[in-house]
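Participant: Just to be clear, the model below is a prediction. Sequence and coordinates:
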Amino acid sequence: MTIIDIYTDGACKGNPGPGGWGAYLKSGDHEKDIFGGDSQTTNNRMELMAVIEALKTLKNRSRIRLFIDSQYVKNGINIWISNWKKNGWRTSNKKAVKNVDLWMQLDELVPNHEIEWIWVKGHAGNFGNERADALANQGVPQ
């Protein structure tokens, strides 16, 4: 099975405001940069979009090391999502889960791969994270 390193990041100019997402994918000698954005969004939505769009680019089942600087996404997919689904996409406080449309998309994509979720500190000199951040900023609509 192919092993792919994926670095993702989101950016927002104002929160809410114009935002972008970016992902840097690397497997062996192959590299791919992707990015996009939205004129009215939040940083958390862009963090989620970066992961979703990166996973959507993969054609085959893969082993992924997903490097992410968002505790929101990492905890959401690894800890909170199972209870959200059991509770009809409600939090423990019975409130609707924010960004449920994106969480549902991510929930459909994750089982297609073997993913190791690795948190990295943002803006701390990690090459892949810095590249994903630059791509996210490229995606912010002007």
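Facilitator: Okay, I see it.
Participant: make it CA atoms for all contacts and neighbour counts henceforth
Facilitator: OK.
Participant: Please compute how far stretch 101-111 lies from its chain's middle.
Facilitator: Relative to its chain's centre, stretch 101-111 lies at 11 Å (C-alpha atoms, centre = their mean, to the nearest Å).
Participant: I'd like the average pLDDT over that stretch.
Facilitator: Average pLDDT, stretch 101-111: 98.
Participant: Give the buried residues for that stretch.
Facilitator: 103, 106 (16 or more other C-alpha atoms under 10 Å).
Participant: Please save the CA atoms from that stretch in PDB.
Facilitator: Extracted C-alpha coordinates of stretch 101-111, given in PDB (Å, rounded to 0.1, in the frame of the first residue of the first chain):
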ATOM      1  CA  ASP A 101     -21.700  19.100   6.700                       C
ATOM      2  CA  LEU A 102     -17.900  18.900   6.600                       C
ATOM      3  CA  TRP A 103     -17.600  16.400   9.500                       C
ATOM      4  CA  MET A 104     -20.000  14.100   7.600                       C
ATOM      5  CA  GLN A 105     -17.800  14.400   4.500                       C
ATOM      6  CA  LEU A 106     -14.700  13.600   6.400                       C
ATOM      7  CA  ASP A 107     -16.400  10.700   8.200                       C
ATOM      8  CA  GLU A 108     -17.100   9.200   4.800                       C
ATOM      9  CA  LEU A 109     -13.500   9.600   3.500                       C
ATOM     10  CA  VAL A 110     -11.500   8.400   6.500                       C
ATOM     11  CA  PRO A 111     -12.400   4.700   6.300                       C
END
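Participant: Could you list the residues in contact with stretch 44-55?
Facilitator: 6, 8-12, 19-23, 25, 34-35, 37, 70, 72-73, 99, 102-103, 105-106, 109-110 (C-alpha atoms under 8 Å, 6 or more residues apart in numbering).
Participant: filter these to the buried ones?
Facilitator: 6, 8-12, 19-23, 25, 34-35, 37, 70, 73, 103, 106.
Participant: three-state assignment of residue 4?
Facilitator: strand (DSSP: H, G, I helix; E, B strand; the rest coil).
Participant: and it, how many neighbours does it have?
Facilitator: Per other C-alpha atoms under 10 Å, the neighbour tally for residue 4 reads 19.
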